[in-house]
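Participant: All I have is the shape, not the residue letters:
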């Protein structure tokens, strides 16, 4: 995908489709996980055909793999996630909305790109 020529809404649609194509075992394709100081998962970056795609939780949710949302979909639902490519145009904000059980957060695209390039597997926010 040519990021410079793709409108943000189209880019996010393609990123969502790329994540869906990874299937239920998308965790096998994770290259980076972002956690808060209490070890809640805030976001993950996946290797997809569209390039690195970030999936961010956007609010308080479960605190572990066995927690279930009220809708019984568990952690597999993408409905309440912010999904976008890690790369964006120079005219877009560097910050991405995210959150966990501790509350709302923001993530930096540049820091995510550096962590992926540095082959980090887990980043803990401070």
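Facilitator: That came through fine. Since we're looking at a predicted model, the values are computed, not measured.
Participant: so where's this structure uncertain?
Facilitator: 59-76 (pLDDT under 70).
Participant: so where do the strands sit in it?
Facilitator: 30-35, 41-48, 51-57, 81-85, 95-100, 103-108, 122-124 (DSSP state E).
Participant: Can you give the contact residues for the longest helix anywhere in the chain?
Facilitator: Longest helix in the chain by number of residues (criterion: DSSP state H): helix 8-21. Contact with helix 8-21 is made by 1, 3, 6, 26, 46, 48-50, 53, 55, 78, 83-85, 88, 92, as judged by CB atoms under 8 Å, 6 or more residues apart in numbering. For every residue, glycine as well, the C-beta is placed using N, CA and C.
Participant: Swap in 6 Å and give it another go.
Facilitator: The contact list for helix 8-21, computed with CB atoms under 6 Å, 6 or more residues apart in numbering, reads 1, 48-50, 53, 83-85.
Participant: Make a ChimeraX selection of whichever of the residues you listed turn out to be buried.
Facilitator: Typed into ChimeraX, the line below selects the buried ones among the contacts of helix 8-21, using 16 or more other CB atoms under 10 Å:
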select :48,50,53,83,84,85
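Participant: So of the contacts of helix 8-21, which two are at opposite extremes in space?
Facilitator: Largest separation among the contacts of helix 8-21 by CB to CB: 49 and 84, giving 15.2 Å.
Participant: before we move on, the earlier item: okay, buried residues for the longest helix of the chain please.
Facilitator: 11-12, 14-16, 18-19.
Participant: quick one: which of those is nearest to residue 37?
Facilitator: Closest to residue 37, out of all of the buried residues of helix 8-21 and judged by CB to CB, is residue 19, at 26.4 Å.
Participant: can you pull the contacts of the closest residue to residue 125 other than its chain neighbours?
Facilitator: Of all residues not flanking residue 125 in the chain, residue 36 sits nearest, at 5.4 Å (CB to CB, 6 or more residues apart in numbering). Applying CB under 6 Å, 6+ apart to residue 36 gives the contacts 42, 100, 102, 125.
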